[in-house]
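Peer 1: predicted model, plus sequence, below.
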Amino acid sequence: MAVHIGMSYHPELHDLLWRAREEGLVDFLEIQPERYIYSHFERGQMKRLLSDFGTPYCFHFACNSLGSADYRLDRNARQRRDIVNRLAPRWCSDHMTSCRIGDFDLEKNLPLLRTDETLQILVENIKLFQEGLAAPFLLENIATMWELKRSTIAHDDFFARAVEMADCGILLDLHNLYADQLNHGLDPRAFIDRMPAHRIRQLHLAGGSSHDGYYYDGHDHEVPQVVFELLEYLLARVTPEAVILEREARFKDLPRVWDDLVRIRRMCQR
């Protein structure tokens with residue numbers, strides 16, 4: 001099975017993505033739909049963008065807050081699901097996080113308290129979002145700045161149990177695993193080995209930087225060598241449907257972005 005190569009869309013990357021599509025480096029786009037879906041004008045812009053590129057695309061949400069106990073009260077959840085169904089992306093994904101309290105957006109992915117009770121809440125919310133959703137749903141692991149000490153379930157076990165119980169796919173972010181390795185001592189290879197292989201549908205690769213003693217998942221630098229080594233480790237065990245490069249800042253360094261795309265394509269074609 002061929003591995004599709006994608007990249008997150010940002011207006012600053014438009015020309016690079018167009019060239020990458022023309023030269024066969026990029027097969028599809030990853031769109032953050034929150035930037036477009038809440039107004040008729042912006043939805044029209046997104047439709048024109050997707051039509052112009054003429055490639056498949058996936059939606060990567062950051063606002064569902066699937067780990068929140070009040071997810072059922074989210075008045076926009078049905079709207080988001082309906083827009084997904086109308087625009088028909090190939091995949092739809094979001095993070096394992098709580099990022100909103102009521103209508104207040106925290107604008108940050110927060111770690112979950114990993115307990116049986118939280119696991120049940122997360123699974124019920126994923127099932128609710130998937131209900132009537134036409135596109136396959138994938139859950140992504142996040143990078144966290146801290147760990148909640150009262151957690152009773154290991155990170156890898158909690159994530160693996162969540163996707164099995166919710167019957168959804170995995171978007172495995174290898175750079176987030178690397179960040180958690182540096183910040184918390186997580187073993188990325190053990191995490192990969194714990195995942196149900198048949199559920200790993202997509203991978204995220206990105207780069208970050210260190211500040212004040214922490215490593216940040218900033219999507220603002222080239223992919224670290226260690227993350228490419230994790231990609232090689234995973235590809236020896238699993239063939240995902242897609243590998244996606246994320247870049248959201250430092251756009252003056254576009255030659256390095258291009259180099260990362262070339263390297264990802266070569267690794268996935270071996």
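Peer 2: That came through, no problem.
Peer 1: going by C-alpha atoms from here, please, whenever you check contacts or count neighbours.
Peer 2: Fine.
Peer 1: which residues in this structure form strands?
Peer 2: Taking DSSP state E to define them, one finds strands in the chain at 4-8, 28-31, 57-60, 92-95, 98-101, 104-110, 137-140, 169-173, 200-205, 209-211, 214-216, 242-245.
Peer 1: may I have the strands that pair with the third one, each with its orientation?
Peer 2: With DSSP bridges as the test, strand 57-60 is paired with strand 28-31 (parallel), strand 92-95 (parallel).
Peer 1: of all the strands of the chain, which one is nearest residue 116?
Peer 2: strand 98-101 (15.9 Å; C-alpha to C-alpha).
Peer 1: which one is residue 125 nearest to, not counting chain neighbours?
Peer 2: residue 66 (5.6 Å; C-alpha to C-alpha, 6 or more residues apart in numbering).
Peer 1: OK, contacts around the residue most central in space within the chain?
Peer 2: For the chain, the residue nearest the mean C-alpha position is residue 140 (5.0 Å; C-alpha atoms, centre = their mean). Contact analysis of residue 140 by C-alpha atoms under 8 Å, 6 or more residues apart in numbering lists 93, 94, 95, 96, 170, 171, 172, 173.
Peer 1: kindly recompute the last result at 10 Å.
Peer 2: Residues near residue 140 by C-alpha atoms under 10 Å, 6 or more residues apart in numbering: 60, 93-97, 159, 163, 169-173, 176, 202-204.
Peer 1: can you tell me how far it is from residue 114?
Peer 2: Counting by C-alpha to C-alpha, to the nearest Å, the separation of residue 140 from residue 114 is 15 Å.
Peer 1: then residue 210?
Peer 2: Separation of residue 210 from residue 114 (C-alpha to C-alpha): 26 Å.
Peer 1: more crowded one of those two?
Peer 2: When residue 210 and residue 114 are compared for neighbours, residue 114 comes out ahead with 20 against 12, by other C-alpha atoms under 10 Å.
Peer 1: quick check on the more buried one: phi, psi?
Peer 2: phi -90, psi 90 (degrees, to the nearest 10).
Peer 1: pretty sure it sits against residue 161.
Peer 2: No. Residue 114 is not in contact with residue 161 according to C-alpha atoms under 10 Å; the separation is 11.1 Å.
Peer 1: quick check, the residue nearest to residue 125 in contact with residue 94.
Peer 2: Yes. At 8.1 Å, residue 66 counts as touching residue 94 under the criterion of C-alpha under 10 Å.
Peer 1: hey, what's in contact with both of those two?
Peer 2: By C-alpha under 10 Å, 6+ apart, the residues touching both residue 66 and residue 94 are 126, 139.
Peer 1: so between the two, which is more surrounded?
Peer 2: Per other C-alpha under 10 Å, whichever of residue 66 and residue 94 has more neighbours is residue 66, with 27 against 23.
Peer 1: looking at this protein, which helix or strand is least sure?
Peer 2: Across the helices and strands of the chain, mean confidence by mean pLDDT, DSSP states H and E is lowest for strand 104-110: a mean of 80.
Peer 1: neighbouring contacts of that strand?
Peer 2: Contacts to strand 104-110, defined as C-alpha under 10 Å, 6+ apart, come from residues 62-63, 65, 67, 95-100, 142-147.
Peer 1: and the closest residue to residue 158 other than its chain neighbours, what pLDDT?
Peer 2: Nearest residue to residue 158, sequence neighbours excluded (C-alpha to C-alpha, 6+ apart): residue 114, at 6.6 Å. Note for residue 114: predicted pLDDT of 97.
Peer 1: residues in contact with residue 114?
Peer 2: 147, 148, 149, 150, 151, 152, 153, 154, 155, 157, 158, 159.
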